[in-house]
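Visitor: Build the 3D model from these lines:
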Amino acid sequence: MDVAAIFQFLRELSRHNDREWFNAHKDWYKQAQADFDLLLTGVIVRIAAFDESVRGIQAKDCTYRIYRDTRFSPDKTPYKTHFGGYINAKGKKSDHCGYYVHLENGHCMLAGGGYCLEPKVLKAVRQSVYDNIDEYRGIVEDPQFRQYFPVIGETFLKTAPKGFPKDFPYMDYLKCKDYTCTCHVPDDFFLASDFLDKTETVFRQLKRFADFMNYTIDDFIE
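Guide: Below you'll find the model as predicted:
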């Protein structure tokens with residue numbers, strides 16, 4: 001596994017994001033993808049040590065196509081300039097919270113949570129946060145968790161969501177439009193010899209949040 005080569009390929013792809021260059025370097029892409037699959041395989045093994053639900057998941061089931069959907073985007077460049085893998089026991093398209101690994105020059109991250117949840121599922125998660133606020137705060141306000149995931153959510157409502165009292169003292173936790181959490185890391189995080197150890201440490205903290213989310217989603221689905 002050559003992580004530096006993954007970054008090198010993505011760097012060149014960002015400079016030459018066109019079909020002619022990509023087709024001429026298809027073998028390089030396949031090797032970079034293979035290296036990323038090896039990286040994900042190592043991460044899966046580490047996560048399985050504390051989350052049995054991901055045991056047996058294959059890296060190929062966690063990755064995404066490099067081809068961009070440009071139909072509704074003003075950016076018509078054909079290829080993504082990152083590799084991402086979502087390790088999720090229910091599948092990478094599931095609403096369940098899993099573990100996301102993202103390699104992109106200058107924008108690397110470890111993340112997880114619920115993104116683009118259906119309105120009814122999002123409402124159920126908010127209700128669970130409201131009903132179990134002490135448990136939720138015990139997770140997201142724990143310094144061990146917060147050192148990696150300081151903010152929950154990417155976009156937020158400006159006012160209280162419908163159906164919840166406006167005087168709820170922890171309203172910011174209900175205004176999330178998505179319940180995601182992200183740990184931004186420098187590129188050399190993945191180049192270090194102990195990156196698997198550090199990744200495991202981060203994702204052990206994420207599991208506490210994932211469990212809260214997934215209990216709620218499972219109850220709602222059932």
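
Visitor: Residue 135 in helix, strand or coil?
Guide: Three-state call for residue 135 (DSSP: H, G, I helix; E, B strand; the rest coil): helix.

Visitor: What about this protein, which residue is the most distant from its middle?
Guide: Here the chain has its C-alpha centre computed as a mean, and the residue farthest from that point, by CA atoms, centre = their mean, is residue 167 with 31.8 Å.

Visitor: Now it, what are its backbone angles?
Guide: Summarising the backbone geometry of residue 167 under the convention degrees, to the nearest 10, its torsions are phi -90, psi 10.

Visitor: how close does it sit to residue 174?
Guide: In this structure, residue 167 and residue 174 are separated by 12 Å, where distance is defined by CB to CB, to the nearest Å. All C-beta spots, glycine's among them, are computed from the backbone N, C-alpha and C.

Visitor: same thing with residue 142?
Guide: On the measure of CB to CB, residue 142 and residue 174 end up 19 Å apart.

Visitor: which of the two has more neighbours?
Guide: Looking at residue 142 and residue 174 with other CB atoms under 10 Å, you find the greater number of neighbours at residue 174, namely 20 against 13.

Visitor: Please give me every residue in contact with residue 29.
Guide: 9, 13, 22, 66 (CB atoms under 8 Å, 6 or more residues apart in numbering).

Visitor: Run through the residues that contact the first one.
Guide: The neighbourhood of residue 9, defined by CB under 8 Å, 6+ apart, consists of 25, 28, 29, 31, 32.

Visitor: try 10 Å this time
Guide: For residue 9, the contacting residues are 2, 25, 28, 29, 31, 32, 33, 35, 36, 81, 83, by CB atoms under 10 Å, 6 or more residues apart in numbering.

Visitor: Phi, psi for the first one please.
Guide: Put plainly, it is residue 2. The phi/psi pair for residue 2 (degrees, to the nearest 10) is phi -120, psi 90.
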